[in-house]
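> quick one, fold the following:
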Amino acid sequence: MSFYTANSNESLMNTLPISRRQSLSQSACGFGALAFNGLLHAAESAGVGSGHGPAAHFPAKAKRIIFLFMQGGPSQLDLFDPKEFIQQRHGNPIDSPLSKNILQVGTEKFLALGTAVPVRPRGSCGMPISDLLPGLASVADEICLLRGMSADNPQHMPAELQLHTGALNDVRPSMGSWISYGLGTENRNLPGFITINPHADVRYHGSAWLPAQHQGTRLTATAGADVPPIENLRNLSRDTTAQRRRIDFIQRQNQRLQQQHSSEQSLQGMIDAMELAFRMQATTPELVNLAGETQTTLDLYGVGSKDTDRNARACLLARRLSEAGVRFVQVTMGGWDHHGDIRGNLPRLCAQTDRPVAAL
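You can find the predicted model right below:
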């Protein structure tokens, strides 16, 4: 797993003109610049754009991303980064590390809370991982732990928005939208960006001023056969040929309307979305059906287990979608905002996520 961060200076950006490249570097945690570099390299490889600025320093190696978002923030002190000072001062008063200018609720009696479950070195690399995450500990040598996360606001919502878009409160394209916009799609029958069990705030997977086709397509990972993972995924028409004729007729009307209102960029997004939706009805139902997976794989992820089923299905779908060519798959796993009863809630959340994440 990798964690990315970016610092955005809002006041500076509001007063000084910035180039398009600077905007990409400062938006969506810098993912826009990465996607743009991928475009430059592709153009250079195709012999396009010679003499129009430097190409990317290195060829792009990553083709697809699965972004697991633990909403609320797992406690780093309890899982990856125990503090000896806190452990020694457990139960004793300590000074609040927060600025005195920030409203502090419930910190009048600020007591040190030591780690309840051991955090031990794992693998040959010695990465510290809690006993609460035995699955992740088993693949310690295959992951990178980057202690570089920071945000400009200590509140959850603004910091989460900054992680996804690079901004604390503005409406800007999400990182998945930038990846889709910059790298396109590898499968014309699927969106370039899919968000599984998404957060209610649409800005986390929105495309803002980018074309609508790059916003995240919402998918719900459930065990119920009566609830399709994507809205309107089932084709209600028994005659596919007749449905194709109806869609062609509607598309001709939409294109005529677009010619009359050429400045309306959203019309092209609607036309593209309808065409993609038709293709998805033919291919996606089989893709999101986990019945084809072996029992060994289902057990590995924890599908069917009471604690892990939801996250297991989400991770397994993310793998299948990524293999099918979706550029950016985002999986949201909520419930990590542990301001109270962390010693009861943290083990519960770890039990729900460790097995599926390690399997993925």
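
> quick check: Thr332 is in a strand.
Yes - counting by DSSP: H, G, I helix; E, B strand; the rest coil, Thr332 is found in a strand.

> check the burial of it by counting its neighbours.
Thr332: 18 surrounding residues under other CB atoms under 10 Å. All C-beta spots, glycine's among them, are computed from the backbone N, C-alpha and C.

> how near is it to Gln253?
Counting by CB to CB, to the nearest Å, the gap from Thr332 to Gln253 is 37 Å.

> try Thr185
With distances taken as CB to CB, Thr185 is found 26 Å from Gln253.

> helices along the stretch 251-360 of the chain, start to end?
Along the stretch 251-360 of the chain, the stretches classed as helices by DSSP state H, counting those that start in this stretch are 265-287, 295-301, 309-323, 342-359.

> mind listing what's buried along the third one?
Just to be clear, that refers to helix 309-323. Buried residues in helix 309-323, counted by 16 or more other CB atoms under 10 Å: 309-322.

> what's the angle from that helix to helix 342-359?
30 degrees (axes from the mean of the first three to the mean of the last three CA atoms, to 10 degrees).

> please state the offset of helix 309-323 from the chain centre?
13 Å (CA atoms, centre = their mean, to the nearest Å).

> so which elements touch that helix?
On a contact count with 3 or more CB pairs under 8 Å, 6 or more residues apart in numbering; DSSP states H and E, helix 309-323 meets strand 65-70, strand 193-196, helix 295-301, strand 328-333, helix 342-359.

> most packed of those?
With neighbours taken as mean count of other CB atoms under 10 Å, these reach their highest mean count in strand 193-196, at a mean of 27.

> show me what that strand pairs with in its sheet, parallel or antiparallel.
Pairing partners of strand 193-196, with direction, according to DSSP bridges: strand 217-219 (parallel), strand 328-333 (parallel).

> in the shortest one, what counts as buried?
Judged by neighbour count using 16+ other CB under 10 Å, the buried positions of strand 217-219 are 217, 219.

> quick one: mean pLDDT over it.
Across strand 217-219, the average pLDDT comes to 86.

> related to what we said a few turns ago, more neighbours, Thr185 and Gln253?
Legend: neighbour count by other CB under 10 Å for Thr185 and Gln253, higher for Thr185 (17 against 9).

> show me what contacts that one?
Residues near Thr185 by CB atoms under 8 Å, 6 or more residues apart in numbering: 191-192, 325-327.

> including distance to Asp299, pLDDT and neighbour count, could the residues you listed go into a markdown table?
Below are the contacts of Thr185 laid out as a markdown table (distance: CB to CB, whole Å; pLDDT from 0 to 100; neighbours: other CB atoms under 10 Å):
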| residue | distance to Asp299 | pLDDT | neighbour count |
| --- | --- | --- | --- |
| Pro191 | 30 | 84 | 26 |
| Gly192 | 32 | 87 | 26 |
| Gly325 | 27 | 87 | 15 |
| Val326 | 25 | 89 | 25 |
| Arg327 | 29 | 90 | 27 |
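
> all set now, cheers.
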